[in-house]
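A.B. asks: the sequence and its predicted three-dimensional model are supplied below.
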Amino acid sequence: MTIRITDGGVSDQDVLAVAEGLYREAAIELFRAIEAIRAGEFTEIKAAHTAIRDLRTAAQQALEERGKVDKLRKQIAGQVGAGGALDFDGARAEIGRRLACLRDAGGGG
């Protein structure tokens, strides 16, 4: 992964790439912990909990940064305001992603 530094610092796209990378790493850690638990290595339960927490954090960061990047792209393309077309499919997909995050985060008790 390459992060570009500009005069203004790190771009939103770079931050999004980092968040997505962290999400992938946490997902891999969770998969490994689950496989170890299935193999009878119950010492990996703590690692699984940590990976789940990291996944939630990374997913939230990725969603926030993706929103920022999309907003900037629309501003650059001049599609902000009444002149821009509404993307109902994209909105539906975003709502689905956010609901999934809420569902995943809500089962802690």
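C.D. replies: Received, thanks. The model shown is predicted, which means the values in this text are computed figures rather than measured ones.
A.B. asks: could you use CA atoms for every contact and neighbour count after this?
C.D. replies: Fine.
A.B. asks: in the longest helix seen in the chain, what counts as buried?
C.D. replies: When the chain is parsed with DSSP state H, its longest helix is helix 45-77. Of all the residues in helix 45-77, those buried under the rule 16 or more other CA atoms under 10 Å are 47-48, 51-52, 54-63, 65-66, 69.
A.B. asks: same for it, what does it pack against?
C.D. replies: Packing partners of helix 45-77 (3 or more CA pairs under 8 Å, 6 or more residues apart in numbering; DSSP states H and E): helix 12-38, helix 88-106.
A.B. asks: tell me the mean pLDDT for that helix?
C.D. replies: For helix 45-77, the mean pLDDT works out to 79.
A.B. asks: and stretch 30-37, by the same measure?
C.D. replies: 83.
A.B. asks: which other residues reach it?
C.D. replies: If you take CA atoms under 8 Å, 6 or more residues apart in numbering as the criterion, stretch 30-37 is touched by F42, T43, E44, I45, A47, A48, A51, I52.
A.B. asks: dump these to TSV, plus distance to L86.
C.D. replies: TSV is the format used below for the contacts of stretch 30-37 (distance: CA to CA, whole Å):
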residue	distance to L86
F42	50
T43	50
E44	46
I45	45
A47	43
A48	40
A51	37
I52	35
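A.B. asks: R92: which of the residues you listed is nearest?
C.D. replies: Lowest distance from R92 to those (CA to CA) belongs to I52, with 25.5 Å.
A.B. asks: and the closest one, how far is that from T43?
C.D. replies: Distance, I52 to T43, by CA to CA, to the nearest Å: 16 Å.
A.B. asks: how about L99?
C.D. replies: According to CA to CA, L99 and T43 sit 32 Å apart.
A.B. asks: what about the nearest residue to F42 once chain neighbours are set aside, neighbour count?
C.D. replies: Spatially, and ignoring its direct neighbours in sequence, F42 is nearest to A36 (7.4 Å; CA to CA, 6 or more residues apart in numbering). The tally of other residues near A36 (other CA atoms under 10 Å) stands at 16.
A.B. asks: contacts only, for A26.
C.D. replies: A26 makes contact with A51, I52, D54, L55, according to CA under 8 Å, 6+ apart.
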